[in-house]
Structure formats: structure tokens, C-alpha cells
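Asker: Got a predicted structure plus its sequence, pasted below:
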Amino acid sequence: QVLLQESGPGLVKPSETLSLTCIVSGGSMTSYYWSWIRRPAGKGLEWIGRIYSTGSTNYNPSLRSRVTMSLDTSKNQFSLKLTSVSAADTAVYYCARMGGNWFDSWGQGTQVTVSS
Amino acid sequence: EIVMTQSPATLSVSPGETVTLSCRASQSFTNSLAWYQMKPGQAPRLLIYGASTRATGIPARFSGSGSGTEFTLTISSLQSEDFAVYYCQQYNNWLPITFGQGTRLDIK
């Protein structure tokens, strides 16, 4: 059973870069897509983007200009960077594994607040 | 982008009842739809993919159906652990993947 765990700062200042890491345990990262998803308070879920085990990426067009994903399969982890953050980026951020184009394993989520 | 609309936003039901949650798509597609259950402090759980295929370990009381623009998730004989927020997700147009706004199941 694969387990995912997000980590990173819970507070980021406006205009700075949000950086999160997802540690994958209990399974290989090979031949899977890995995604980031967020849920702003009181709103629905928003898919941020995905990265394949080879490093190929696809981003949500609404965030593409500010998002970078990377992965290190030797460390069983993948990462998210979101630049020029504002209060609108305050959300619970989840990492997830994709089985097909759905999400079959998720982390518990980490709250990130953008505030000075 | 395909917009997913869930209704109702909140549903109050009693344990043991059967409930049907609705998810409507702004564009028609066959079966590229998934359902998730979310509880505070827990990892979200995949319930259904392919509109009607239960994920591994999901009880038979959860069933999904629909195609085109109308999809439903039915939960029979509600258990206490089923009170949560449920989201639908389309992956017919996967760039971007989109979710509904969620339906919250409350205990009456």
C-alpha cells in the first residue's frame, strides 16, 4: 500500500515562492504520474499539475506560468514550487498518485497560508 | 475546461438511509468520472472510477452510474463513517482535470 506525505512551510509571505515535497513510501514511483491538488477554504478541489516518473510534466493552464514540479525517484519524492504567491494561494495542498487519470492514493494534505 | 457542478451542496440524512449525490458536467462524455470521499485530517479516498467501477476495498454500498452530462453516486444503508464530503472529478479532458465543488453529507 503506497503512502504519501506532504511536507513544507505552513506560512509563506506574499510574492514569495511556495515549496512543498511529497515523500512516497511503500511503492515505486516508476511508471506512474504524480500530482498536486489544492483545496482553498470553502472551495472545491483544484488540480495543479502532474509529473511522470521520467520527469515529463503537465500543468493546469490557470497556474502554468507559476508552477514547477520535479521529482527524485532515488529519494522517492516529488516537489512543487509555486512562485509569486498571494492570499488566493492559501489552501490545503495534497499530493497524489494517479492510476489512469484519477487519483488512487493521496496524502493527508498540508495547510499553506499566504500572509505577511 | 469542463465545469463540474455537484448538488446539493449539503445533504442531511439519517444512518441507514440511502442517498444519491448528483454531479453534472458542462460537456458530455462517456464514463471518465471518479468519486472521492474526504474527511478532515484524513487522506482522501478514491471510491469510484470509470463512472461505475468501485476502487479496491470500497464497500458494495457505494455505487456510481451515469454518462453524458449526468452522473450519480449512491450510498445505500448509510453508516456513521460515511458522513463526509464527496467530490466528483472528470478526466475526459484531462488538461485540466476538474472537480466539482463537493457535497457534504451531514448526520440528521
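Answerer: Received the coordinates, thanks. Numbering: from 1, shown residues only, chains lettered A, B, ... in the order given.

Asker: Next one, pLDDT for residue B:108 please.
Answerer: pLDDT for residue B:108: 88.

Asker: Report the contact partners of it.
Answerer: Counting by Cβ atoms under 8 Å, 6 or more residues apart in numbering or on different chains, residue B:108 touches B:12-14. Placement of C-beta: from N, CA and C, glycine included.

Asker: List buried residues within those.
Answerer: Among the contacts of residue B:108, those classed as buried by 16 or more other Cβ atoms under 10 Å in any protein chain shown are residue B:13.

Asker: any chance of the contacts of residue B:108 in CSV, plus pLDDT?
Answerer: Compiled in CSV, those are given as follows (pLDDT from 0 to 100):
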residue, pLDDT
B:12, 95
B:13, 94
B:14, 95
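
Asker: What is the nearest of the contacts of residue B:108 to chain A?
Answerer: Nearest to chain A, judged by Cβ to the nearest Cβ, of the contacts of residue B:108 is residue B:12 at 19.0 Å.

Asker: now the closest one, which residues is it bridged with?
Answerer: residue B:106 (DSSP bridges).

Asker: From residue B:105, how far out is it?
Answerer: Per Cβ to Cβ, to the nearest Å, residue B:12 is found 8 Å from residue B:105.

Asker: Same question for residue A:97.
Answerer: 26 Å.

Asker: Which one of the two is surrounded by more residues?
Answerer: More crowded of residue A:97 and residue B:105, by other Cβ atoms under 10 Å in any protein chain shown: residue A:97, with 23 against 19.

Asker: Do I have it right that that one meets residue A:105?
Answerer: Yes - contact status for residue A:97 versus residue A:105: in contact at 4.3 Å, counting by Cβ atoms under 8 Å.

Asker: Tell me the residues of chain A that contact chain B?
Answerer: Residues of chain A found near chain B (Cβ under 8 Å from any Cβ of the partner chain) are A:4, A:43-47, A:58, A:60-62, A:94, A:96, A:99-109.

Asker: Can you say which of the residues you listed are buried?
Answerer: A:4, A:44-47, A:58, A:60, A:94, A:96, A:99, A:101-109.

Asker: So which of those are in strands?
Answerer: Using DSSP state E, the members of those that fall within strands are A:4, A:46-47, A:58, A:94, A:96, A:99, A:102-106.

Asker: Good, we can wrap up now.
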